[in-house]
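Pasting the sequence and the predicted coordinates here, then a few questions.
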Amino acid sequence: FGKHVNYVTVQMKKIHQNGERSTEEVVITPELFNNKNNSFFITYGWKGDDNREQWHDYQVKTVWSFHGGVQVESKWQDYDQAVLSLLPPHRYRTVSIEADADRLKEKKVRHVVVSLKSYINGKPVLTQTTIRNKGISPSALVDVPESKSQMPTVVDMVWYLEGGKKLVGKPGTVEGEILYWDELPEEE
């Protein structure tokens, strides 16, 4: 929750049968999410609501705030359930960034900076990681937030070599769940 989300605001409104309106909201931060074990309550009272079935009818609107300034606001939606399950307006794709250490040593690569630009609600979200050429299999797992109506995630890689040299790759689209960073661009 806290890795990409600043907070989610849940707003509730109830139009009672006597015409009165009840409104309430809760702001869920990563700290509150953990401290309250993901259990939050919004309530409204009885105001002339003689029809028991209609008493359960209410509306909810959410605002999701992501790191980097991206916000996704829903429209008001009708509900009639006692429990409201929230789903974020995106999904996470785990991308494994892998390499062959010997191949990298041959090319004198020290590390790579991998930037993954995904989109939520049409706005870019940058996820970045640095991988050093250490160990048998220098790799990293990265969770990339993506819209459910997925625009392609774009990857950029910059390799840093011994002696202060730097190689910049051409941006590409992430296909699948594995990226290889031992395939360096040709030096110009």
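Structure received.

Could you say which helix or strand holds the residue nearest the centre of the chain?
For the chain, residue 145 is the residue whose C-alpha lies nearest the centre (CA atoms, centre = their mean; 3.5 Å). In the assignment (DSSP states H and E), residue 145 maps to strand 140-147.

Please list the residues outside that strand that contact it.
The contact list for strand 140-147 (CB atoms under 8 Å, 6 or more residues apart in numbering) reads 3-4, 66, 89-97, 114, 116, 118-122, 125, 127, 129, 131, 153, 174. In this view, the C-beta of every residue, glycine as well, is placed from N, C-alpha and C.

cutoff 6 Å now
If you take CB atoms under 6 Å, 6 or more residues apart in numbering as the criterion, strand 140-147 is touched by 4, 90-97, 116, 118-120, 125, 127, 129, 131, 153.

for stretch 95-114, same thing?
129-133, 136, 138-142, 144, 157-162, 177-182, 184.

Show the buried residues in the residues you listed.
131, 133, 138-140, 142, 144, 157, 159-161, 179, 181-182, 184 (16 or more other CB atoms under 10 Å).

quick one: which of the residues you listed is nearest to residue 54?
Checking those against residue 54 by CB to CB gives residue 144 as the nearest, at 43.1 Å.

and that closest one, what are its bridge partners?
Residues in a beta bridge with residue 144, per DSSP bridges, are residue 93.
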